[in-house]
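Student: pasting the structure only:
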């Protein structure tokens, strides 16, 4: 029997990136070793066996939430691409595709997993900015764009000018190596206690203008609507 570590399965509207506003089912894996210091879902880090579910249980939840109306699933985490998750993740993808779901996966930007990326419809690939204290390899990012940029977005959380400049530097490096058509999205981050980071959002918009408008600046809609601490929204 295939089992998975699943934090939650829920229906919500996509809150960030180029698909913002689209209703979908989220399947959130439990377990992550990446360690972004500004992560807003640290409760998903522990590889806790108490979160074990069978593939049948997960699919039953997806189908119940879908009601055969919502046929999009976003696989997130945690880190669904952690090596320990891959066998069960592949089984989940095969089952979802057999039932004609459109699949997005949230990738942390730390690895390329061919057996997963080849099967999904869209990949949201992170570039980790300095404020996360996690490093994204620009060579790995270039390889990802060369292989999967036609069905992906690059997404970066931006806290300040240093973060913005780090994204711009790697964008400039990538653009010098490929015909770049993959959309890049900047997400102004929420700090603890903020209802809406208006000043930071304005700063990122202005920086984008100053640097020639290479990016789409897209905030986290679910945090505006429900507040930065709300879960399963």
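Tutor: Nice, thanks for sending it over. If you're wondering where the values come from, they're calculated on a predicted model, not measured in any experiment.

Student: ranges for the helices of this protein?
Tutor: 55-66, 86-98, 114-117, 138-148, 161-175, 198-210, 221-226 (DSSP state H).

Student: list the helices and strands the last one packs on?
Tutor: Just to be clear, that refers to helix 221-226. strand 3-13 (3 or more CB pairs under 8 Å, 6 or more residues apart in numbering; DSSP states H and E). Glycine gets a C-beta too; all of them are placed from N, C-alpha and C.

Student: count of residues packed around residue 185?
Tutor: Residues lying near residue 185 (other CB atoms under 10 Å) number 19.

Student: quick one: buried residues of stretch 20-36?
Tutor: Within stretch 20-36, the residues scored as buried using 16 or more other CB atoms under 10 Å are 20, 24, 25, 26, 27, 28, 29, 30, 31, 32, 34, 36.

Student: returning to that earlier point: will you turn the helices of the chain into TSV that also has mean pLDDT, distance to residue 233 and mean neighbour count?
Tutor: Listed next are the helices of the chain as TSV, based on pLDDT from 0 to 100; distance: least, CB to CB, whole Å; neighbours: other CB atoms under 10 Å:
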stretch	mean pLDDT	distance to residue 233	mean neighbour count
helix 55-66	98	14	16
helix 86-98	98	22	17
helix 114-117	98	26	15
helix 138-148	97	28	16
helix 161-175	97	25	17
helix 198-210	96	20	15
helix 221-226	87	4	16
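
Student: any chance of a markdown table for those helices, columns distance to residue 104?
Tutor: Listed next are these as a markdown table, based on distance: least, CB to CB, whole Å:
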| stretch | distance to residue 104 |
| --- | --- |
| helix 55-66 | 14 |
| helix 86-98 | 11 |
| helix 114-117 | 12 |
| helix 138-148 | 13 |
| helix 161-175 | 21 |
| helix 198-210 | 24 |
| helix 221-226 | 15 |
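
Student: nearest to residue 182, out of those?
Tutor: Among the helices of the chain, the nearest to residue 182 by CB to CB is helix 138-148 (5.5 Å).

Student: tell me the angle that closest one makes with helix 161-175.
Tutor: Interaxial angle of helix 138-148 relative to helix 161-175 (axes from the mean of the first three to the mean of the last three CA atoms, to 10 degrees): 50 degrees.

Student: centroid residue for the chain?
Tutor: residue 106 (3.2 Å; CA atoms, centre = their mean).

Student: which of the buried residues of stretch 20-36 sit farthest apart?
Tutor: 20 and 31 (26.6 Å).

Student: excluding chain neighbours, what is closest to the residue nearest to the centre of the chain?
Tutor: The spatial neighbour of residue 106 that comes closest, neighbours along the chain excluded (CB to CB, 6 or more residues apart in numbering), is residue 76 at 4.2 Å.

Student: what separation do you get for that neighbour and residue 45?
Tutor: For residue 76, the distance to residue 45 (CB to CB, to the nearest Å) stands at 14 Å.

Student: tally of neighbours for the residue nearest to residue 106?
Tutor: Residue 76: 20 neighbours (other CB under 10 Å).

Student: now do residue 229
Tutor: Applying other CB under 10 Å, I find that residue 229 has 10 neighbouring residues.

Student: which residues touch it?
Tutor: For residue 229, the contact set (CB atoms under 8 Å, 6 or more residues apart in numbering) is empty.

Student: that one and residue 64: what is the separation?
Tutor: 26 Å.

Student: find the nearest non-adjacent residue to residue 79, please.
Tutor: Closest to residue 79 by CB to CB, 6+ apart is residue 32, at 3.9 Å.
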